[in-house]
Structure formats: structure tokens, C-alpha cells
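Participant: Next comes the sequence, and after it the predicted model I'd like to discuss.
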Amino acid sequence: MEMEKNEFYFRVLQRYDHYINLANTKASNTITLISSLAVAATGLVGWGMMGGQADENIISISSEKVILIMCFIGFGFFAFKGYLQCMQVIKPNLKPTKDPSTDSKKGQLSTIFYGHVRDFKSTKDFVDAVENTNEKGRFEDLLSQVHVLAEITADKMSEYSKVGFWVNFSFIFFLIILLLSFIIRLG
């Protein structure tokens, strides 16, 4: 019975790890999208600014070009905010427990949390800690990690849900830049 509970909660940990990786991957892909749009928007603004004039060496300013520049600034703002929101998703959470007052159980290091495993002075100390911990202690350690990963997963998903707002507005500004650049270029 005890082994079944351990296996069940290890599967829960794997599922949380999967969700954490999914959120990180989605945020990374969104950063790639924002970067690609930024490169394209920069090129379009440069192309649009050179349009509608006789001399290609002199940039004349028209109301359309002022709007184009303002849209580029708006795009930059929303793209940057989207990037920062994605970084909130990707940032690591290194808490070994949700409640700092119970961290390390009064000096006892977790034998599961990698930050604590690293803090053992030697491999022998780690092995001794594992061997000296009873089944109940290991199970409590496992449940503590499940609890922490549940919070981390929820935080990452919550942070990622905010990304869409910034990306949507940056994409709208990108489309306006595209349209204005063509209008200016085609006269």
C-alpha cells in the first residue's frame, strides 16, 4: 500500500514537471515570436519611412510617417511587456517548501529537493541521510515536494495567461505598421 502511494505521488510530480516544461516552452516560443515580429516591424518601418519621396537619401516627414513611428513605439512597448511577462514564466522557483518556517525541518535537509541534495557535504552524508530516514519521513518529504511543485505549476500557468494580452496588442500594432508601410510606399 505504501509503495503504491509513493508511485502515485511520483507520477503526480512527473505530471507537474510536464506542465512546468509546457509553460516554459510556450513562453520561450512566445519570446521567439515577439523577436521575429520586432525584426519584421523594424524592417517595415525603415521601408515605409523611405517611401513616397523623390530623393531616397532624404527622409521627408508626413503625417502617415509620424503615425508609423508612433505605432512602432506602441509595438515596442507591448512587445517588451510581453517579453517581460514571458520571463516571469521562465524564471526558476527554487523554494524547497511552500512554508519557509518548515524549510529543512529544523536543519534536516530534504533528500528529494536538488538544492538540499547539493547541500549535503558529501555523497556519504547524503546516503546516510537517505538510509536514516524512515518510510514515513521519505513520504512526507515527497508530499512536500508535490505541494511545492503544485504551487510552482499554478504560478507559471497564471503568469503565462497574462502573456496573451501583451502579445495580442503587439501583433495589432505590427499589422498597423504593415498596413501603413504599404500605404506610404505605394503612395
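Facilitator: It's in. Numbers count the residues shown, from 1 in each chain.
Participant: Past the one helix or strand Glu151 maps to, which element shows up next along the chain?
Facilitator: Glu151 is located in helix 135-161, with elements delineated by DSSP states H and E. Next helix or strand after helix 135-161 toward the C-terminus (DSSP H and E): helix 163-186.
Participant: Buried residues in the helix holding Glu151, which are they?
Facilitator: For helix 135-161, burial by neighbour count (16 or more other Cβ atoms under 10 Å) applies to 138, 141-142, 144-146, 148-149, 152-153, 155-156, 159-160. Where C-beta positions appear, they are placed from N, C-alpha and C, glycine not excepted.
Participant: got TSV for those residues, with pLDDT and distance to Leu84 too?
Facilitator: Listed next are these as TSV, based on pLDDT from 0 to 100; distance: Cβ to Cβ, whole Å:
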residue	pLDDT	distance to Leu84
Arg138	80	40
Asp141	84	35
Leu142	84	35
Ser144	85	31
Gln145	85	29
Val146	88	30
Val148	86	25
Leu149	87	24
Ile152	89	19
Thr153	92	21
Asp155	92	16
Lys156	93	15
Glu159	94	11
Tyr160	95	13
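Participant: and the helix holding Glu151, how far from the chain's centre?
Facilitator: 18 Å (Cα atoms, centre = their mean, to the nearest Å).
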